[in-house]
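In: Generate coordinates for the sequence data below:
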Amino acid sequence: MKYLMLGAAALALAACSQETSSDVAAPAETDETMASADDMDHGDMGDMDDMEHDAMSASEKLDAVLAAESDEVKARYPYRHPKETLEFFGVEPGMTVVDTLPGEPGWYGQILVPYLGPDGVLIGADYSIEMWSNFSGRYSSEEFLQGKESFVSDYIASVDAVRDEDGAEGAAFQIGSLPNSLKGTADVVLVMRAAHHFNRLADGRFFTEAVQDFNDVLKPGGIVGVVQHRAQEDMPDEWAVGNAGYVKQSQIISVFEDAGFELVEASEINANPADRPTTEDVVWRLPPANPDNAEIGESDRMTLKFRKPE
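Out: Numbering: from 1, shown residues only. All right, here's what the predicted structure looks like:
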């Protein structure tokens, strides 16, 4: 299995000058495409040394995991910036992390299973069946909705299929049906290019439901990391609701702050100033859905870090 090569990859990376992994991003499925040192005693300095060592080890492990991925996964690095994004959100080995609308186990899931390691847990959080039924086309078909009934077991099986003894365990839930056993267990919730659907359907009711589940699944002080296609703030609200894939950054911040979350920091890691859509445009005009617009690249994305109160 590819993860057995991580040790070799880590040695290779250590032998070279450390380069920042270029990372990538892609749209989620949609209707269309789915103190000073002098003040410290020796014990404090020792603790600091341990912290720095642990942080360096986590960074090296992430480098090794990313280096071991397939060419298909690596092709998205220049747009998704997985190293910078995961480190910005504070994701580290041994954590319990929720991946929203993950796939099985999904693009980030393939990275997180080996990176979180044997002490970590990766929890997949899918849209509720009720929410899926509000989509159009095949995503609301009877066959598709029936398939969603087994999401929890299917997702756990997909994690098991890519993990070895050094990989994270899998768990799962559908939003609106968070089991008590998972409440207060997560360190980080990731919402990668999935917020536009929460925002656009049922006048945002599903977004409210989802944010409540994020609050409930997180430990006190836990983090929600959002990456989302970004509408310019001067665009009409009715266009930026999410049907075109884009949502205003101010809208996302408002939803989380209204639910009691604190905005810790915003980053331009995943920004693309070349993407300036008009009201006639949708996000799926861009790669990877439409390779013909490669000169623009993938969408301009906000990267927001929220904290649950202690």
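In: show me where this structure has helices.
Out: Using DSSP state H, the helices found in the chain span residues 6-15, 42-67, 71-74, 77-80, 82-88, 107-116, 129-132, 142-148, 151-162, 195-200, 205-217, 249-258.
In: Nearest to residue 101 among those helices would be which one?
Out: Residue 101 lies closest, by CB to CB, to one member of those: helix 195-200, at 7.8 Å. Bear in mind the C-beta positions are built from the backbone N, C-alpha and C, glycine included.
In: mind checking how far the closest one is from the chain centre?
Out: In terms of CA atoms, centre = their mean, to the nearest Å, the centre of helix 195-200 is set 15 Å apart from its chain centre.
In: Confidence-wise, which helix or strand of the chain is lowest on average?
Out: In the chain, the helix or strand scored least confidently by mean pLDDT, DSSP states H and E is helix 6-15, which has a mean of 40.
In: ok, back up a step: quick one: which of the helices of the chain is nearest residue 231?
Out: Shortest distance between residue 231 and the helices of the chain, using CB to CB, is found for helix 249-258: 8.1 Å.
In: List the buried residues of the closest one.
Out: By neighbour count, with 16 or more other CB atoms under 10 Å as the criterion, the buried positions of helix 249-258 are 249, 251-253, 255-256.
In: same question, stretch 105-122
Out: Neighbour-count burial for stretch 105-122 [16+ other CB under 10 Å]: 105-117, 120-122.
In: in this structure, which segments are predicted with low confidence?
Out: Applying pLDDT under 70 to the chain picks out residues 1-56.
In: and residue 295, how many neighbours does it have?
Out: The tally of other residues near residue 295 (other CB atoms under 10 Å) stands at 7.
In: gap between the nearest residue to it once chain neighbours are set aside and residue 79?
Out: Spatially, and ignoring its direct neighbours in sequence, residue 295 is nearest to residue 274 (7.8 Å; CB to CB, 6 or more residues apart in numbering). When distance is defined by CB to CB, to the nearest Å, residue 274 is 12 Å away from residue 79.
In: With neighbour numbers in mind, choose between these two.
Out: Neighbour totals were compared for residue 274 and residue 79, and residue 79 leads with 21 against 13 (other CB under 10 Å).
In: Now the buried residues of helix 249-258 in TSV, please, with extra columns for distance to residue 231.
Out: Output for the buried residues of helix 249-258, formatted as TSV (distance: CB to CB, whole Å):
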residue	distance to residue 231
249	8
251	8
252	10
253	13
255	14
256	17
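In: between the residues you listed, which is nearest residue 228?
Out: The closest of the buried residues of helix 249-258 to residue 228 turns out to be residue 252 (CB to CB; 6.0 Å).
In: Pull up the gap between residue 108 and residue 94, please.
Out: Distance of residue 108 to residue 94, given as CB to CB: 17 Å.
In: List the buried residues in the longest strand seen in the chain.
Out: Taking DSSP state E as the assignment, the strand of the chain that covers the most residues is strand 218-231. For strand 218-231, burial by neighbour count (16+ other CB under 10 Å) applies to 218, 222-231.
In: shouldn't residue 192 be in contact with residue 99?
Out: Yes. Between residue 192 and residue 99 there is a contact under CB atoms under 8 Å: 7.4 Å.
In: Please enumerate the shared neighbours of these two.
Out: Common contacts of residue 192 and residue 99, defined by CB atoms under 8 Å, 6 or more residues apart in numbering, comprise residue 108.
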